[in-house]
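Engineer: What would the 3D arrangement of this be:
(chains A and B)
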Amino acid sequence: MLLEIEDLSITFDTAKGPLSATRQISFSLEEGETLGIVGESGCGKSITNLAIMGLLPDTATITAKKMIFDGVDLQTIKENDFRKIRGAKIGMIFQDPMSALNPSFTVGFQIDETLKIHCPEMDKSARGARALELMHQVGIPAPAERLKNYAHELSGGMSQRVMIAMAIACKPKLLIADEPTTALDVTIQAQIMKLLKDLQKEYQMAMILVTHDLGVVAQNADRIQVMYAGEIVESAKSKVLLQDPKHPYTDGLLSSLPGKKATAFRAPLPSIAGMVPDLRARPNGCQFNPRCEFADDKCKTTLPSLEHDQARTLRCFHPVGASV
Amino acid sequence: MLRFILGKLGDLVPTLIGISILSFVLVRFVPGDPVMLLLGERGADPAVYAQMKKDMGLDLPVWRQYINFATDAAQGDLGTSIISKRPVVKEFFDRFPATLELGVVALLFAIIIGIPLGIIAAVKRNSFYDYFLMGGSLLGYSMPIFWWGLVLILIFSVQLGWTPVSGRMSVMFYIEPWTGFMLIDTLTSEVRELDGLAPFWSALSHLILPAVAMGTIPLAVIARMTRSSMLEVLGEDYIRTAKAKGLSRYRTVAVHALRNALIPIVTIVGLMFGSIITGAILTETIFSWPGIGRWLVASINARDYPVIQGGVLFIATMIVIINVLVDLAYAVVNPKMRG
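Structural biologist: Numbering: from 1, shown residues only, chains lettered A, B, ... in the order given. Here you go, the predicted structure:
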């Protein structure tokens, strides 16, 4: 097991009182596996990843039963040792590649910097060669010239490729891709996803793919985990989850995907009414109950627990398709 | 790049014309008559008075006077001082190094202390230190230079006796001007053979108080600017990237954040140089610093028209040149500005 997270809860201290961003998140990841994390904005996907990276601000309090990466306990690790994991064993890429690159330094400098801290045994020329190799691997034409470019001289897709090159520079065991294609053109999205998949195979990395686009995870993830209001509501192998969603929220997400369940041509696309709850004023019971068509009195008072069976994990009293 | 510099220097021409007209006219609006001041209030023979006025060309209408002045100025002749009878250009360059030295040291003082203070305040945001520093900066910013200069003299020169009260150099030493910067000229081999390092320390001790007095406002502004610029940059995505790469906190702040935070700071420092000159007029008067500030004040008191006009023109030119240098520095710190 490469990554094991058990009962991870993150609370932020805010001026308006404590905000529980995630509650009791548990999941694990095998080496080389791809986990898709799906959910609307503000449901705790990115926060969970930042917690794994140890990059949450000081206002955040993390409690977890277990947070183990590659045999290392991330809760007790010292900051200095954590730094040796970040960027080396765990690489991370972000949503907006244009602003994720430092505008004041060349691309080459920024790649070189990663190699310099994590691979002290490499000398300058070895690092230069590796940077060139990386640029080539992520499919950047004329890599030698591009290394001398600044972020503002690159397109969005190109910047994301550079970010990927930087993230995989030290051959990490885990790549966290936080909405890697959201800010890109649709045609570029497919290219970047293919690149990530190819690199994953080549480097034998595990990957956490965060997105709110079910289409992206459907094609790329081995397993999908759906999050709502900072909780996991359903998790299963991609195929199982997509073909037979049990949680009303998952079902709603799938229905609102164009071309999946839309029945008639030009029929209005179904949507899930309402909004993600304010995390400072969570509803009682199931977090999804105010928006759920199946909700009854029990849902409004009691939070369903996560039930595991062979195929899936589910947090719901009234799964879709179950007899009432 | 060369075109850019030439273009900027080209802007200098209209600026100078405008400024020369303004200073020319304004100076003549001020009550007081240089000839009268020269001759003394009493006992001026009207014939002598008229003759002197004619000799100085002050009997002509103002617009004729300006044409004469501008024609000479275009040829590099700014006239002669009414008081010292020496060419204004020469007078200016005799004094300019003293002001430049003071200004540069004051600004360096402000930068070297202000930027780190601002960075620490940003990193330790909302801490006691942050509040203390920003409160102090507000105080520094609000302090009138003449008052602050006097307080410094009172404490360090009068009470503690650590530094001289005024002047640029102890009368014990004679330093042959070379660069005009005392701190440099006192380190030449001849001076050191003769007197060792004593002249250098003397120059430094004379310089410290006026530099601090003059650098306090820029220091406060730079510290504030650094803090807010740093705070903005620290929230940027690329800082998260830097952390995610495994960089140390120090490297993240000192390299990745600072480099970007410097862009607005460079602009501010450039603007500060203009106010440094204003500060020079007050500071030099208080500390009897033999620079252009004090020279201008003296010439205004004497209604020494050529000196006032020439001095103002020189200062304007300097500020434009400094702005060009700032624009160049801007291109160094901001890759987006490089063509």
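Engineer: Can you report how many residues neighbour whichever residue of the stretch 51-200 of chain B sits closest to chain A?
Structural biologist: The stretch 51-200 of chain B approaches chain A most closely through residue B:125 (10.6 Å), counting by Cβ to the nearest Cβ. Yep, even glycine has a C-beta here, placed from its N, CA and C like the rest. Counted with other Cβ atoms under 10 Å in any protein chain shown, the neighbours of residue B:125 add up to 14.
Engineer: That one: what secondary structure?
Structural biologist: In three-state terms, and counting by DSSP: H, G, I helix; E, B strand; the rest coil, residue B:125 is coil.
Engineer: I'd like to know how far residue A:31 sits from chain B.
Structural biologist: Going from residue A:31 to chain B by Cβ to the nearest Cβ, to the nearest Å gives 21 Å.
Engineer: measure that residue to residue A:308 for me?
Structural biologist: For residue A:31, the distance to residue A:308 (Cβ to Cβ, to the nearest Å) stands at 22 Å.
Engineer: same deal with residue A:217?
Structural biologist: Taking Cβ to Cβ, one finds residue A:217 at 21 Å from residue A:308.
Engineer: Neighbour count for the two, which is higher?
Structural biologist: Using other Cβ under 10 Å as the criterion, residue A:217 and residue A:308 rank with residue A:217 on top: 26 against 11.
Engineer: wait, the more buried one sits on residue A:45?
Structural biologist: No: if you go by Cβ atoms under 8 Å, residue A:217 and residue A:45 don't touch, sitting 11.4 Å apart.
Engineer: who touches both of the two?
Structural biologist: By Cβ atoms under 8 Å, 6 or more residues apart in numbering or on different chains, residue A:217 and residue A:45 have these common neighbours: residue A:38.
Engineer: can I assume residue B:56 is in contact with residue B:33?
Structural biologist: No: Residue B:56 lies out of contact with residue B:33 (Cβ under 8 Å); the separation is 10.7 Å.
Engineer: The two: who's more crowded?
Structural biologist: For residue B:56 and residue B:33, the more surrounded residue by other Cβ under 10 Å is residue B:56, and the numbers stand at 18 against 14.
Engineer: so which strand or helix has residue 167?
Structural biologist: Assuming you mean chain A. helix A:156-168 (DSSP states H and E).
Engineer: Can you name the next helix or strand after that helix?
Structural biologist: strand A:174-178.
Engineer: what is the mean pLDDT for that following strand?
Structural biologist: Per-residue pLDDT values over strand A:174-178 give a mean of 95.
Engineer: is it anywhere near chain B?
Structural biologist: No: judged by Cβ under 8 Å from any Cβ of the partner chain, strand A:174-178 makes no contact with chain B; its nearest approach is 8.6 Å.
Engineer: Hey, what's the angle from the helix or strand that that strand is followed by to strand A:174-178? Just curious.
Structural biologist: Using DSSP H and E, the helix or strand that follows strand A:174-178 towards the C-terminus is helix A:186-203. Angle of helix A:186-203 versus strand A:174-178, following axes from the mean of the first three to the mean of the last three Cα atoms, to 10 degrees, is 170 degrees.
Engineer: Residue B:156 contacts residue B:164, correct?
Structural biologist: No: judged on Cβ under 8 Å, residue B:156 makes no contact with residue B:164 at a distance of 9.8 Å.
Engineer: and residue 301, how many neighbours does it have?
Structural biologist: Picking chain A for this. 11.
Engineer: wait, chain B
Structural biologist: 11.
Engineer: Can you give me the pLDDT of it?
Structural biologist: pLDDT, residue B:301: 86.
Engineer: Also residue A:267?
Structural biologist: pLDDT at residue A:267 comes out at 69.
Engineer: Equivalent analysis for residue B:332, please.
Structural biologist: 82.
Engineer: would you say it is within a strand?
Structural biologist: No: Residue B:332: not assigned to a strand; according to three-state DSSP it is helix.
Engineer: Give the full set of residues in contact with it.
Structural biologist: With Cβ under 8 Å, 6+ apart, residue B:332 has no contacts at all.
Engineer: The one 5 residues further on now?
Structural biologist: Residue B:337 makes contact with B:330-331 under the criterion Cβ under 8 Å, 6+ apart.
Engineer: Tell me the residues of the stretch 151-300 of chain B that contact chain A?
Structural biologist: Counting by Cβ under 8 Å from any Cβ, the stretch 151-300 of chain B sits next to chain A at B:236-238, B:240-248, B:256, B:259-260.
Engineer: in chain A, which ranges drop under the pLDDT threshold?
Structural biologist: Applying pLDDT under 70 to chain A flags residues A:259-267, A:323-324.
Engineer: ok, back up a step: the residue of the stretch 51-200 of chain B closest to chain A is in contact with residue B:230, isn't it?
Structural biologist: No: Residue B:125 is beyond contact range of residue B:230, at 9.2 Å (criterion: Cβ under 8 Å).
Engineer: which parts of the stretch 51-200 of chain A sit against chain B?
Structural biologist: Going by Cβ under 8 Å from any Cβ, the residues of the stretch 51-200 of chain A near chain B are A:53, A:55, A:83-88, A:91-92, A:94, A:96, A:99-105, A:113-114, A:117-118, A:150, A:152, A:163, A:166.
Engineer: Go again with 6 Å.
Structural biologist: A:53, A:55, A:83, A:86-87, A:92, A:99-102, A:104, A:114, A:117, A:150, A:152 (Cβ under 6 Å from any Cβ of the partner chain).
Engineer: For residue A:127, state which of those residues is nearest.
Structural biologist: Nearest to residue A:127, judged by Cβ to Cβ, of those is residue A:114 at 9.4 Å.
Engineer: Quick one: residues contacting that closest one.
Structural biologist: A:87, A:166, A:169, B:245 (Cβ atoms under 6 Å, 6 or more residues apart in numbering or on different chains).
Engineer: what helix or strand is it on?
Structural biologist: Per DSSP H and E: helix A:107-118 holds residue A:114.
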